[in-house]
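Participant: Model the structure of this input:
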Amino acid sequence: MLFMQIVFILLAAKVVGGLLKKTGQPEVVGEMMAGFILGPIVLGYFFPQFHHALFKGDAAIQLKTLSELGILLFMFVVGAEFRFPERTGPGLNGKVLLIGGCSIIVPFVLGAAIAPLLYDAFAPPGIPRLSFVLFIGTVFSVTAFPVLARILKERQMLRSEAGALALMSAALSDVGAWVLLAIAVMSLKIDSHWQGLAWRLAGLLLLCAVSFWCVRPLIKAWIDRIGEAGDPRLLVMLLSGALIYGSLTEWLQVHAVFGAFLFGACLPRDQRLLNMIVERVEYVAVIVLMPIFFALAGLNTSSAAFSGVGATLLALVLAVAVAGKLLGGVLGARMAGYSPSVAATVGVLMNARGLMELVVLKIGLDLGIIGPELFTLFVIMTVVTTMMTGPLLHGLNRFQASRRPVGARRLPPQQREQGL
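Facilitator: Numbering: from 1, shown residues only. I've put the predicted structure just below:
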């Protein structure tokens, strides 16, 4: 039965992903939506008997194991591929720091401001208010670096001023969001004893230091010695390292995905090594295991989220999510000295959340910080804000083009894009 479940999940992800791709959306957005459709709100509502037969019994447990492996491998690949884009001008690092900082701080503050309302309506019993507020603020702070990179690549905006700024700021924003999430997770079990949080944070910092100052040089020396990045022994070492790091961060009472991401990030930036990881790990993780993660996320949604004040809070969550990223991106870009058109484009791009947001939400659900109802609201927010990026960019470009002088409108598309 498990194999039929996997086949059905993969087919659903491929079909919905392909349909969304034809509308100009990244295929991963369709795969996320497919997972939501397979949940109780859509498939379970219209075809309850089929839904129960497909996902009954131990299906959720078996899928959960594959999902956890998939997300761990995916985060390892994200860490291995993670690079701050190269500088494109003098003083750019300070500007990116300003934009990325505003894109974290403004959404975090707005999210923390509405967290008490969400806490009273949806917080699971026994969850500390501090941990809940920190987590909600973090949820609103996430920008999906991988999805944003794909959007910029598909729209040929990687070399545009606004695209480069948004991509570098998103990279910084993701790092900040992971740090905030680690603090929120570690605060769960301190029971008002800040010493416990301090020790766990110190352990995480020590692991980071050892990874970049000791582990990375050792791996680089080993790759140079064996002379070939495609050696099977290297693949075994990499997979083992991701699992070991995941276990270490679990021991530090931080989620395993932190360890997998950290291990990938500390690998030497060798293109041969990256190609091997993409060919032998990423394809399996993204094509086979990640749709299972999306499906499991969909199974964890709940129609009870829309009862009572749920619909009103969903509207509030969407409004705060969009406003936080737009205001943060625009404010940061304007403070950095960029024109209103560039600032507006950066703000729109920073609103894309995508897969990274789902990873954060699933961590919160697994740890009991949020329940299925609030998880459902945030999943909808994630899909909506990610799907908004393309149409908002198109509308913004048309608006800006209508305000340009007639001669400027005749410039080639690439030159017009550079002037955003």
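
Participant: what ranges do the helices span in the stretch 101-250 of the chain?
Facilitator: With DSSP state H, counting those that start in this stretch as the definition, the stretch 101-250 of the chain shows helices at residue ranges 129-141, 145-154, 161-186, 194-210, 216-226, 232-251.

Participant: now the stretch 151-300 of the chain, which segments are flagged as low pLDDT?
Facilitator: 158, 189-197, 227-230 (pLDDT under 70).

Participant: returning to that earlier point: among the helices of the stretch 101-250 of the chain, which comes closest to Leu314?
Facilitator: Ranking the helices of the stretch 101-250 of the chain by their distance to Leu314 (criterion: CB to CB) puts helix 129-141 first, at 13.9 Å. (Each C-beta comes from the backbone N, C-alpha and C, glycine too.)

Participant: Could I get the CA-only coordinates of the closest one as PDB?
Facilitator: Listed in PDB are the C-alpha atoms of helix 129-141, where the atom choice follows Å, rounded to 0.1, in the frame of the first residue of the first chain:
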ATOM      1  CA  ARG A 129       4.100  32.400  25.300                       C
ATOM      2  CA  LEU A 130       7.700  33.500  24.700                       C
ATOM      3  CA  SER A 131       8.400  30.500  22.400                       C
ATOM      4  CA  PHE A 132       5.200  31.000  20.600                       C
ATOM      5  CA  VAL A 133       5.800  34.700  19.900                       C
ATOM      6  CA  LEU A 134       9.400  34.100  18.800                       C
ATOM      7  CA  PHE A 135       8.200  31.400  16.400                       C
ATOM      8  CA  ILE A 136       5.400  33.400  14.900                       C
ATOM      9  CA  GLY A 137       7.700  36.400  14.400                       C
ATOM     10  CA  THR A 138      10.200  34.000  12.600                       C
ATOM     11  CA  VAL A 139       7.500  32.600  10.400                       C
ATOM     12  CA  PHE A 140       6.700  36.100   9.000                       C
ATOM     13  CA  SER A 141      10.400  36.800   8.500                       C
END
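
Participant: Show me what it is packed up against.
Facilitator: Counting contacts by 3 or more CB pairs under 8 Å, 6 or more residues apart in numbering; DSSP states H and E, helix 129-141 packs against helix 92-122, helix 161-186, helix 310-335, helix 354-366.

Participant: still on that earlier bit, could you redo the helices of the stretch 101-250 of the chain as a markdown table and give each row distance to Ser103?
Facilitator: Conversion of the helices of the stretch 101-250 of the chain to a markdown table gives the following (distance: least, CB to CB, whole Å):
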| stretch | distance to Ser103 |
| --- | --- |
| helix 129-141 | 8 |
| helix 145-154 | 11 |
| helix 161-186 | 5 |
| helix 194-210 | 23 |
| helix 216-226 | 28 |
| helix 232-251 | 25 |
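
Participant: Take those and write them to a markdown table, including distance to Phe263 and mean neighbour count.
Facilitator: What follows is the helices of the stretch 101-250 of the chain, written out as a markdown table (distance: least, CB to CB, whole Å; neighbours: other CB atoms under 10 Å):
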| stretch | distance to Phe263 | mean neighbour count |
| --- | --- | --- |
| helix 129-141 | 22 | 24 |
| helix 145-154 | 17 | 21 |
| helix 161-186 | 14 | 23 |
| helix 194-210 | 10 | 14 |
| helix 216-226 | 10 | 13 |
| helix 232-251 | 4 | 16 |
